[in-house]
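Student: fold the stuff below for me.
(chains A and B)
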Amino acid sequence: EDKVVQSPLSLVVHEGDTVTLNCSYEVTNFRSLLWYKQEKKAPTFLFMLTSSGIEKKSGRLSSILDKKELFSILNITATQTGDSAVYLCAVRGSNTGKLIFGQGTTLQVKP
Amino acid sequence: KAGVTQTPRYLIKTRGQQVTLSCSPISGHRSVSWYQQTPGQGLQFLFEYFSETQRNKGNFPGRFSGRQFSNSRSEMNVSTLELGDSALYLCASSALSSGGQETQYFGPGTRLLVL
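Tutor: So this is what the prediction gives:
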């Protein structure tokens, strides 16, 4: 059965720290991996990583995909209180085409 | 471009009733997916519609059903509501990005409370 596991489940840091969130997966015929940020509302899209794009960067956020070891990391540098949210990882396999979500990592950034 | 919209935003029902939720995708998007989000189970896939056809289905009972109209708007129906159906129901629409991959954009969700 396809599954996505995120770690840690929760994390508390102080402003300015760097954090690394992990996402490992087992999915048949991997197509893409997506990262979302969810505050007190719907998830907002951050990155999509595929076989043709295994590293993405946007400002203080970056993500890499290791297709061989079946995991991805989301890195946030110089964290700010506004980065506090649940970060969701989702993987799509070609067999079903549907997105499988991990449980999420709850990040709290303290001033 | 307007984002994904969902109505209603909040809903209170009692056990045994039925409910219909609505989702309007981003203009030009033809794929709509529905998810149930609860604190215990996280985000779980319900079903996906593309061009008025159900393309994928998650592991939910038959009480959960959906449909998509010719304008890509989608509705989700839950019959014979149970307490455990209380959740945030999220709708997401897909755009075909370059390379044929699909990025999903979420609506604000409908929070359903079953009493």
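Student: with adjacent residues omitted, what lies nearest to the residue nearest to the spatial centre of chain B?
Tutor: In chain B, the centroid-proximal residue (C-alpha atoms, centre = their mean) is residue B:34; its distance is 2.8 Å. Sequence neighbours aside, residue B:46 is the residue nearest to residue B:34 in space, at 4.1 Å (criterion: C-beta to C-beta, 6 or more residues apart in numbering or on different chains). Where you see a C-beta, it was placed from the backbone N, CA and C, and this is true even at glycine.
Student: what count of nearby residues applies to the one you found?
Tutor: 22 (other C-beta atoms under 10 Å in any protein chain shown).
Student: before we move on, what about residue B:35?
Tutor: Neighbour number of residue B:35 under other C-beta under 10 Å is 27.
Student: residue contacts, it?
Tutor: Contacts for residue B:35 (C-beta atoms under 8 Å, 6 or more residues apart in numbering or on different chains) come out as A:101, B:43-46, B:89-92.
Student: looking at the residues you listed, which are in strands?
Tutor: By the criterion of DSSP state E, membership of the contacts of residue B:35 in strands covers A:101, B:43-46, B:89-92.
Student: out of those, which is nearest to residue A:93?
Tutor: residue B:45 (11.9 Å; C-beta to C-beta).
Student: paired strands for the least confident helix or strand in chain B by mean pLDDT, with orientation please.
Tutor: Every helix and strand of chain B was ranked by mean pLDDT, DSSP states H and E. The lowest is strand B:102-106, at a mean of 84. Sheet partners assigned to strand B:102-106 using DSSP bridges are listed as strand B:87-96 (antiparallel).
Student: just the C-alpha atoms of the partner strand, please, in CSV.
Tutor: Output in CSV follows, covering the C-alpha atoms of strand B:87-96 (Å, rounded to 0.1, in the frame of the first residue of the first chain):
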residue,chain,number,x,y,z
ALA,B,87,-14.2,17.2,9.5
LEU,B,88,-12.8,19.8,7.2
TYR,B,89,-13.6,18.9,3.6
LEU,B,90,-11.1,20.3,1.2
CYS,B,91,-11.5,20.6,-2.6
ALA,B,92,-8.5,21.0,-4.8
SER,B,93,-8.3,21.7,-8.5
SER,B,94,-5.4,20.7,-10.8
ALA,B,95,-3.5,22.5,-13.5
LEU,B,96,-1.4,20.6,-16.0
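Student: residues contacting it, please?
Tutor: Contacts to strand B:87-96, defined as C-beta under 8 Å, 6+ apart, come from residues A:42-43, B:4, B:6, B:21, B:23, B:25-26, B:28-38, B:43, B:46, B:72, B:74, B:76, B:102-107, B:109-112.
Student: how about the residue nearest to the centre of chain B, what does it touch?
Tutor: Neighbouring residues of residue B:34 by C-beta under 8 Å, 6+ apart: B:23, B:45-48, B:66, B:74, B:76, B:89-92.
Student: repeat that for residue B:42.
Tutor: A:101-104.
Student: give me the subset of those residues touching chain B.
Tutor: Intersecting those with the contacts of chain B gives A:101-104 (criterion: C-beta under 8 Å from any C-beta of the partner chain).
Student: could those residues be laid out in a markdown table, adding distance to residue A:57 and neighbour count?
Tutor: A markdown table is the format used below for those (distance: C-beta to C-beta, whole Å; neighbours: other C-beta atoms under 10 Å in any protein chain shown):
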| residue | distance to residue A:57 | neighbour count |
| --- | --- | --- |
| A:101 | 23 | 21 |
| A:102 | 21 | 23 |
| A:103 | 25 | 17 |
| A:104 | 22 | 22 |
